[in-house]
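Visitor: What shape does this take:
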Amino acid sequence: MTHARRPLPPFPKQQQKPPGRTADMQPPPDHGEHDYRGTGRLEGKVALITGADSGIGKAVAIAFAREGADVVISYLSEDDDARDTERWVRDAGRKAVLMAGDIKSEAHCQELVSRTVGELGRIDILVNNAAFQRTYADIADIREEEWDETFRTNIYAPFFLSKAAIPHMRKGSAIINTTSIQSRQPSSQLLAYASTKGAISNFTAALAEMVAEKGIRVNAVAPGPIWTPLIPSTMPVEKASKFGEQTLLKRAGQPAELAGAYVLLASDLGSYMTGAVVPVTGGEIMI
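Guide: Numbering: from 1, shown residues only. Purely as a prediction, here's the structure:
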């Protein structure tokens, strides 16, 4: 029998306006709210996580807090979801700082890092997780403005944030980027998104080499199909209802199922890992 928080598709047919809301999703995603147990692996650390209002970012924020980290919750405009993440972080006994705004702006990225250091005293972990995607069957339908928005959100922002954060990072700090199975198995309907995810994987490898002498590790997690608000808000109804059924595990992953990979890369458990991409794909092969 399938775990209650690991449901098999088909999901109820649903559609939301982007960027989507967690509360409107059926079935509700599992962010580890009720199951994740920390062991102090990030005690005393400070993490800045983009897209931490929902989905993978929310699960990572909850896990990091339960491992002992204070968390800056960066998000675009989804106030209700962000406040819920804040509540879970504070319930874990850690500090939470909410910061809404558009990471396509380099000035906002600089302010995110400045506020992290100013309010929490340091930055040890940067998680570049926020993403933008839309689906199209024909390249002629993709507007230049949307192509730019995808690249500025998905790859410019990690560049802006890493550039701002690295001068404040100490030896042992970590940058974790969220790439995707799409970096190796691109879908034609996700042309812009898949292109950025390939760029993120290369950015990860090159930046890891660039900052190795500073003692900063740079890695990435490559999710497969994960049940987040992006799915019902950016995919056709029929495709969203069957989301994840093509994997070896025959289902979409839940955000909670990725949290451990980010903890690994952020903590001393991953002290010999840099320039790596860790796949969490439900069995979709990344070779």
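
Visitor: In three-state terms, label residue 74 for me.
Guide: Following DSSP: H, G, I helix; E, B strand; the rest coil, we place residue 74 in the strand state.

Visitor: okay, now it: neighbour count?
Guide: Residue 74 sits with 31 neighbouring residues when counted by other Cβ atoms under 10 Å. Where you see a C-beta, it was placed from the backbone N, CA and C, and this is true even at glycine.

Visitor: Let me see the contact set for it.
Guide: 48-52, 99, 101, 103, 112, 130 (Cβ atoms under 8 Å, 6 or more residues apart in numbering).

Visitor: Among those, which are located in strands?
Guide: In this view, the contacts of residue 74 that belong to strands under DSSP state E are 48-50, 99.

Visitor: Taking those residues, tell me the two that lie furthest apart.
Guide: 49 and 99 (10.5 Å; Cβ to Cβ).

Visitor: Now the common contact residues for the two.
Guide: Contacts common to residue 49 and residue 99, judged by Cβ under 8 Å, 6+ apart, are 72-74.

Visitor: Mind checking which of the contacts of residue 74 are buried?
Guide: Among the contacts of residue 74, those buried by neighbour count (16 or more other Cβ atoms under 10 Å) are 48-52, 99, 103, 112, 130.

Visitor: OK, contacts around residue 221?
Guide: Counted by Cβ under 8 Å, 6+ apart, residue 221 has contacts 176-179, 258, 261-262, 265, 277-278, 280.

Visitor: Let's have the contacts of residue 74 in JSON lines, adding pLDDT.
Guide: As requested, the contacts of residue 74 are exported to JSON lines (pLDDT from 0 to 100):
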{"residue": "48", "pLDDT": "99"}
{"residue": "49", "pLDDT": "99"}
{"residue": "50", "pLDDT": "98"}
{"residue": "51", "pLDDT": "98"}
{"residue": "52", "pLDDT": "98"}
{"residue": "99", "pLDDT": "98"}
{"residue": "101", "pLDDT": "98"}
{"residue": "103", "pLDDT": "98"}
{"residue": "112", "pLDDT": "98"}
{"residue": "130", "pLDDT": "98"}
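
Visitor: Now tabulate these in a markdown table and tack on distance to residue 228.
Guide: Output for the contacts of residue 74, formatted as a markdown table (distance: Cβ to Cβ, whole Å):
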| residue | distance to residue 228 |
| --- | --- |
| 48 | 20 |
| 49 | 14 |
| 50 | 14 |
| 51 | 9 |
| 52 | 12 |
| 99 | 20 |
| 101 | 20 |
| 103 | 17 |
| 112 | 21 |
| 130 | 11 |
